[in-house]
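Student: Dropping the sequence and predicted coords here.
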Amino acid sequence: MVCLRHAMLPCFAAGLAALVPYPLQAREDLASSVDAVSAADTVEAAADGGGQDDGSAVAETANAAPLPGRKGTHWTVIVSPYVWGASLGGDLGLAGLQGNVHLPFGDIFSHLDIAAMGNVEFISGRWGGYIDAQHVKTSQTEQVLSLPVDLSIHTTRVAGGFYYKAWSIPLSGETAFGVPRNISFEPTVGLRWTNLKADADVEPLGLGTSKKADWVDPFAGMRINADLSSRWNLFVEGDAGGFGAGSDISVNALALLGYRTHLFGQRTILRAGYRFIYEDYDQEDFTGRGRFIWHMKQHGPLLGLSMFF
């Protein structure tokens, strides 16, 4: 990494904040064409041997019957823990100094203390909302002017948004969860908060300092869900944000291949894919002598699962 390590200690600290995951978006393949009342009627008709065969009645009931909760409302909650092995690269500046950063994931992982990442999603009919949160802490010791300096870097990101299932292309057959296969297109909007914090302590001198930078980006984009087969699913997401409100520009792109199964009796999608993030953030730094520059690309493989409740 070319970052003027000893003259630019806070810059190096911020540069270690590389493991900044983004949300893993998960969804259930829900049929929205039959409401709760018609589902109940279908079950009753099937039990009485009326107008349609048993297989058809069961399929429609599985698509439309509401979950426990308010009468006539079908709510699904999806919990998605995940890990993102992201490398970091780009331009980083502080206190009038600027350099190019390249940190492979292996270097970041060797200094990792804590990593907690997860997404919770709520779906009702065509509407959905999600909250995604990540917290990563890394630490190391650097020698500056022959003195040991303990560095701790905290990276926190929280995103929240809504989406709407605007278009759907029906496909033949059903998924392993018993709902019709389709390809859906879901516009999404939301807000993403990023917080970078660095703590530096010089124990021999009893000195310490803590500095941070944070911003909020609005974003808008599109999600696409495609049922490749009864078991396999492809999820693609892209959005752009910032627009000068927080960062100047931010770009997020994600592609995940999913496999439907059951874990602990719950419907589950196992996921693997790749994510790319770009952020262009620039503001006056705490020294008053320069600007904090964060022009960074993050990319790497992502693994996780989505469990339905």
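Tutor: Nice, I can see it.

Student: Now for the protein, the helix or strand with the poorest mean pLDDT.
Tutor: Sorting the helices and strands of the chain by mean pLDDT, DSSP states H and E puts helix 54-64 at the bottom, at a mean of 35.

Student: helix or strand right after that helix?
Tutor: Moving toward the C-terminus from helix 54-64, the first helix or strand encountered (DSSP states H and E) is strand 75-84.

Student: What strands line up against the helix or strand just after that following strand, and which way round?
Tutor: In the C-terminal direction, the helix or strand that comes right after strand 75-84 (DSSP H and E) is strand 87-94. For strand 87-94, the paired strands and their directions (DSSP bridges) read strand 97-103 (antiparallel), strand 291-308 (antiparallel).

Student: Can you flag the weakest of the ones you listed by average pLDDT?
Tutor: The weakest mean pLDDT among these belongs to strand 97-103, with a mean of 81.

Student: Which stretches in the protein count as helices?
Tutor: Assigned helices in the chain, in chain order: 9-15, 36-47, 54-64, 105-109 (criterion: DSSP state H).

Student: And the last one, what's buried?
Tutor: Taking 16 or more other C-beta atoms under 10 Å as the neighbour-count basis, helix 105-109 is seen to contain the buried residues 105, 108. The C-beta positions use only the backbone N, C-alpha and C, and glycine is treated the same way.

Student: Under the pLDDT cut-off, which ranges of the stretch 201-309 of the chain? List them.
Tutor: Residues of the stretch 201-309 of the chain meeting the criterion pLDDT under 70: 287-288.

Student: 90 instead?
Tutor: Counting by pLDDT under 90, the ranges of the stretch 201-309 of the chain that qualify are 201-213, 252, 277, 283-294, 296, 298.

Student: quick one: the strands in it?
Tutor: Taking DSSP state E, counting those that start in this stretch as the criterion, the stretch 201-309 of the chain contains strands spanning 207-227, 232-242, 249-263, 266-284, 291-308.

Student: Which neighbouring elements make contact with the second one?
Tutor: Which is strand 232-242. Judged by 3 or more C-beta pairs under 8 Å, 6 or more residues apart in numbering; DSSP states H and E, strand 232-242 is in contact with strand 180-202, strand 207-227, strand 249-263, strand 266-284.

Student: Now do it against strand 180-202, angle only.
Tutor: Following axes from the mean of the first three to the mean of the last three C-alpha atoms, to 10 degrees, one obtains 50 degrees for the angle between strand 232-242 and strand 180-202.
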